[in-house]
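*Asks:* pasting a predicted model and its sequence here:
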Amino acid sequence: MKQRFLELLRSTKREGMEELIKFLETSDFFTAPASTKFHGDYEGGLLEHSLKVYDILSEKVKKPGIDLNISEDTVKIVALLHDICKVNFYKIDYRNAKNALGVWEKVPYYTVEDTIPYGHGEKSVMMLTEYIKLTGEEKYAIRWHMGFSEPKELYGTLGQAMKKYPLVLLMNEADLEATYFFNI
């Protein structure tokens, strides 16, 4: 999976991509979970989730009858990197739990240690722009990929973003499908 992920990113030829890849390789991106307990809550879950979102989004953009003029490079960058904010975000801790025999034992679980409290989508945009230039469409799609799980006070703004860039809606759908249809 890691090799496919890196090949897809490199194929964009985006200036700064090699520096971004170096950052990812020195981080926990390839071993991190996608969440603590909701989806992809296992080692490598973030990588698997990102690739699944890419596969789903790629198909959505190619649907016949809909010409959104979204480049393949944009699809790769948005889908593969939308959750970069989860890099160095999860930590392993231990708690007591009963095993199958009813005996208490220490078991590992993922917890959050947010050292850069900058939000979710906006944090991903911020981190990416330290390495690569994003188009407006890419910034919006990454920023709003959580869709209507954003606070209800932001629904109007989210709706405006979806009208301005349909990729925002498609990205949200791809993220939800990866999460709920495939549990990654």
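*Replies:* In hand now; what should we look at?
*Asks:* all contacts plus neighbour counts: C-alpha atoms, from now on.
*Replies:* Noted.
*Asks:* where along the chain do the helices fall?
*Replies:* 2-10, 17-26, 45-61, 72-81, 121-128, 136-143, 155-164, 166-180 (DSSP state H).
*Asks:* out of the ones you listed, which is closest to residue 91?
*Replies:* Residue 91 sits nearest to helix 45-61 of all those, at 13.5 Å, using CA to CA.
*Asks:* just the angle between that closest one and helix 166-180, please?
*Replies:* Counting by axes from the mean of the first three to the mean of the last three CA atoms, to 10 degrees, helix 45-61 lies at 130 degrees to helix 166-180.
*Asks:* okay, the angle between helix 45-61 and helix 72-81?
*Replies:* In terms of direction (the same axes, to 10 degrees), helix 45-61 departs from helix 72-81 by 150 degrees.
*Asks:* helices or strands next to helix 45-61 in the packing?
*Replies:* Applying 3 or more CA pairs under 8 Å, 6 or more residues apart in numbering; DSSP states H and E, one finds that helix 45-61 contacts helix 2-10, helix 72-81, helix 166-180.
*Asks:* returning to that earlier point: the helices of the chain: which one's closest to residue 107?
*Replies:* Of the helices of the chain, nearest to residue 107 by CA to CA is helix 45-61, at 18.8 Å.
*Asks:* how about residues contacting the closest one?
*Replies:* For helix 45-61, contacts defined as CA atoms under 8 Å, 6 or more residues apart in numbering pick out 1-2, 5, 29-35, 39-40, 68, 70, 72, 75-76, 79-83, 170-171, 174-175, 177-179, 184.
*Asks:* how many residues are close by the nearest residue to residue 85 once chain neighbours are set aside?
*Replies:* Once flanking residues are discounted, residue 85 sits nearest to residue 124: 4.6 Å by CA to CA, 6 or more residues apart in numbering. As a burial measure, residue 124 scores 21 neighbours (other CA atoms under 10 Å).
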